[in-house]
Structures are given as C-alpha cells and as structure tokens.
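Q: Pasted the sequence and its predicted model underneath.
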Amino acid sequence: MRQGAKVNSKGLVFLSVLMALFGVLLFNNLGGIRPWLYELSKQGANLYLNLQTQDYQTLEGENFSIKYSQQDENIAQFILYGMEEFYPKVQTVLRYKPAVQKKIPIVVYPDRAALNKSFGWGGDKSAVGVYWAGNICLLSPNALLSGSIDMDKLQEVYLREGPFTHELVHYLVDEMTRGNYSRWLTEGLAQYIERDFTGFVLAEPLPEEKKDIYSLTQLDRTFDQRPNQVLAYWQSLETVDYLIEQHGMEKMDQLLTGLGKGEVFTTAIQKVYDMSITELDEKMKQ
Ligand SMILES: [Zn+2]
C-alpha cells in the first residue's frame with residue numbers, strides 16, 4: 001500500500017539518484033522533460049528490482065510478468081489469475097486502458113523480511129503490497145496466511161483482503177497521469193475501488209483522532225511521515241468519497257486525464273471541481 005521506500009545500504013547510491021529524480025518529478029513542473037524522467041525512473045526501479053530478484057523464477061501472463069521465489073511455486077498461478085482477473089475491472093472503473101500494452105512487472109516476496117530487505121523499509125508492517133514506479137511488489141499469500149489454513153481458504157481470503165485491486169489502482173493512476181498525482185488521490189482511489197469490489201475497508205480512526213485532520217498538502221509529499229497513518233488513509237478515502245459522490249466519476253476521469261496532460265495538480269482541481277485545494281480542505285474539515 002505504501003508507495004515510498006527508503007533504501008538499504010546496497011542500493012543506496014543508485015536509489016538516491018532515483019529518489020532525486022522522483023523528487024524532481026514530484027515537486028517541479030518540468031514541462032517537456034517530465035515524461036522522459038518519468039519513464040527513466042520506472043526503468044531504473046525495474047532494473048533495481050530485477051537485480052534484487054535474480055534467482056527468482058518468472059511466470060508470464062497476458063498482461064503481467066510475475067517473479068517469485070521457489071517457496072511460492074504453489075501460488076504463482078493464483079497471483080497471475082488474480083491480477084488478470086481484476087485488471088480489466090479496474091480499467092473499466094477508471095475508464096482507462098493503457099495504449100501501449102507492456103507486461104506489468106510483479107515481484108512476489110516469500111516473507112516480510114525479504115520485502116523489507118528489498119526496500120530497506122521500516123514502515124507499516126501490516127502492508128501486503130507496495131507500488132513503486134511501475135512495479136507491483138506483493139507479500140506472498142503463503143507468508144500472510146500460513147499455518148493450518150488450506151489452499152482454497154487461503155486464496156479466498158487473499159482475493160477478498162489481498163492487495164490485487166489496491167495495487168492495480170496505484171499502477172493505473174500512475175500510468176494515466178504519467179506520475180503527476182497527489183498521494184492522497186491515489187490512496188483514496190485505491191481504497192474506494194477496493195471497497196467497491198471486495199467490501200474491504202481499512203480501520204477507521206477514533207472520533208477524537210478525526211478532530212485533528214491533516215491538510216491535503218500534508219497528505220501529498222509527506223504522507224508517509226504523518227504519525228497517524230490510519231488517519232492519513234481514512235482521510236484520503238473520505239476526500240475521494242466526497243469528490244465522487246458530489247461530482248461523479250466523470251469529473252474524476254477529467255481530473256486524471258488533465259493530470260496526464262501535465263496540468264499542475266492544484267490547477268487541475270480548480271478547473272474540474274471549481275474550487276481550490278484550500279477550499280477542498282475546508283470542506284473536508286466540516
Ligand atoms: Zn496504497
């Protein structure tokens with residue numbers, strides 16, 4: 001669910017360069033260079049993950065290329081099935097089908113330690129998926145639901161509560177906007193569509209926590225640094241709920257399309273919803 005990632009010592013230099021590129025991408029309006037940097041950062045991330053998973057096996061489907069370790073041979077087909085199953089459905093809701101069809105890279109990590117090692121990532125230990133610059137990284141269902149649980153049950157639970165929809169929304173929002181989006185928007189949409197498909201919702205903050213909500217600016221660049229992550233995710237969903245319930249999916253589609261054309265986020269919000277980010281912030285506080 002997290003997009004961001006700190007780096008471990010091995011890939012420190014390489015990742016630092018990548019992160020610097022992401023920083024430039026996220027914080028500046030670079031006009032013509034942005035799409036180029038966007039593609040470069042995705043290829044860099046893919047290269048880094050490939051290096052980290054050289055001994056993994058590969059399974060190819062129509063739309064996905066899945067890398068998995070030997071321990072996960074029993075679930076590779078299932079992961080492919082789940083991704084292929086949900087992918088066109090998420091495209092339909094977002095009204096977007098990528099023009100150039102390339103296989104989407106997925107890495108399945110056998111356990112949480114392997115996932116954390118790859119990202120050097122000490123964040124949310126309950127997250128089961130990470131979207132990172134065109135790549136979807138998943139924690140194996142075997143690691144999530146080990147013990148006496150049988151394979152049918154494991155697959156049923158993972159389909160319902162697993163990260164298929166959530167991470168696919170992150171992938172498509174990123175593709176649609178060419179990396180030009182606010183973090184709360186993609187987290188809100190991921191939860192919105194996930195709830196619609198499977199009924200799954202994350203935990204809700206306590207009433208007293210809701211009194212002190214974050215600004216949408218805080219939920220953009222410093223989303224991962226917010227001390228109350230439950231509140232950050234919940235607010236993202238609340239904001240997207242508000243936008244879609246009040247203004248419909250068509251406006252959301254217009255917003256994402258405008259962002260894909262390189263419109264500045266605040267300008268795109270103003271244009272589509274006829275309100276500033278500050279006004280949207282105020283509405284969400286009510
Ligand atoms: Zn997420």
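A: Received, thanks. Numbering: from 1, shown residues only.

Q: Can you give me the pLDDT of residue 37?
A: What the model reports as pLDDT for residue 37 is 83.

Q: same deal with the one 5 residues further on?
A: On pLDDT, residue 42 comes in at 88.

Q: so where's the chain shaky on pLDDT?
A: Under the criterion pLDDT under 70, the flagged ranges of the chain are 1-32, 120-126, 146-149.

Q: run the last query once more with 50
A: Across the chain, the ranges flagged by pLDDT under 50 are 2-10, 12, 122-125.

Q: Residue numbers of the stretch 101-250 of the chain in contact with the ion?
A: For the stretch 101-250 of the chain, the residues in contact with the ion (CB under 5 Å from the ion) are 187, 190. (Glycine included, C-beta is placed from N, CA and C.)

Q: go with 6 Å
A: 166, 170, 187, 190 (CB under 6 Å from the ion).

Q: The second one looks like it's in a helix, true?
A: Yes - using DSSP: H, G, I helix; E, B strand; the rest coil, the secondary structure at residue 170 is a helix.

Q: so who does it touch?
A: For residue 170, the contact set (CB atoms under 8 Å, 6 or more residues apart in numbering) comprises 3, 131, 136, 186, 190.

Q: circling back to that earlier point, so of the residues of the stretch 101-250 of the chain next to the ion, which ones are in helices?
A: 166, 170, 187, 190 (DSSP state H).

Q: Farthest pair within the contacts of residue 170?
A: 136 and 186 (13.2 Å; CB to CB).

Q: The residues of the stretch 101-250 of the chain next to the ion into JSON lines, with extra columns for distance to residue 208?
A: Formatted as JSON lines, those follow (distance: CB to CB, whole Å):
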{"residue": "166", "distance to residue 208": "27"}
{"residue": "170", "distance to residue 208": "30"}
{"residue": "187", "distance to residue 208": "22"}
{"residue": "190", "distance to residue 208": "26"}
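
Q: A ChimeraX selection for those residues, restricted to the buried ones, would help me check which they are.
A: Selection of buried members from those for ChimeraX, criterion 16 or more other CB atoms under 10 Å:
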select :166,170,187,190
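
Q: which of the residues of the stretch 101-250 of the chain next to the ion lies closest to residue 52?
A: Lowest distance from residue 52 to these (CB to CB) belongs to residue 170, with 19.8 Å.

Q: State the distance from the closest one to residue 133.
A: 10 Å (CB to CB, to the nearest Å).

Q: And residue 49, by the same measure?
A: 9 Å.

Q: Okay, buried residues for the helix or strand in which residue 89 is found please.
A: Assigned by DSSP states H and E, residue 89 belongs to helix 76-94. By neighbour count on 16+ other CB under 10 Å, the buried set for helix 76-94 is 76, 78-80, 82-83, 86-87, 90-91, 93-94.

Q: what comes into contact with stretch 248-268?
A: 29, 31, 34-35, 93-96, 173, 176-178, 180-182, 189, 220, 240, 243-244, 269, 271-273, 276-277.

Q: Generate a PyMOL selection restricted to the buried subset of those.
A: To isolate the buried members of the contacts of stretch 248-268 in PyMOL, using 16+ other CB under 10 Å:
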select buried, resi 34+35+93+94+96+173+176+177+178+180+181+182+189+220+240+243+244+269+272+273+277
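
Q: Which ones among the contacts of stretch 248-268 lie within helices?
A: Those of the contacts of stretch 248-268 mapping onto helices are 34-35, 93-94, 173, 176-177, 189, 240, 243-244, 269, 271-273, 277, per DSSP H.

Q: Kindly indicate which of those lies nearest residue 103.
A: Residue 103 lies nearest to residue 176 out of the ones in helices among the contacts of stretch 248-268, by CB to CB, at 18.1 Å.

Q: where along the chain do the helices fall?
A: 12-27, 33-52, 76-94, 112-119, 141-144, 151-161, 164-177, 183-198, 229-260, 265-273, 277-285.

Q: Mean neighbour count, these: which tops it?
A: Comparing the helices of the chain by mean neighbour count (mean count of other CB atoms under 10 Å), helix 164-177 ranks first with a mean of 25.

Q: hey, C-alpha coordinates of that one in CSV?
A: The C-alpha atoms that make up helix 164-177 are tabulated as CSV, following Å, rounded to 0.1, in the frame of the first residue of the first chain:
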residue,chain,number,x,y,z
PHE,A,164,-4.7,-7.0,-6.1
THR,A,165,-7.2,-4.2,-6.6
HIS,A,166,-5.4,-1.7,-4.4
GLU,A,167,-2.0,-2.0,-6.2
LEU,A,168,-3.6,-2.1,-9.6
VAL,A,169,-5.3,1.2,-9.0
HIS,A,170,-2.0,2.7,-8.0
TYR,A,171,-0.4,1.3,-11.2
LEU,A,172,-3.2,2.7,-13.4
VAL,A,173,-3.4,6.1,-11.7
ASP,A,174,0.3,6.4,-12.2
GLU,A,175,0.1,5.4,-15.9
MET,A,176,-2.9,7.6,-16.5
THR,A,177,-1.3,10.7,-15.0
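
Q: Having no further points to raise, I will conclude here.
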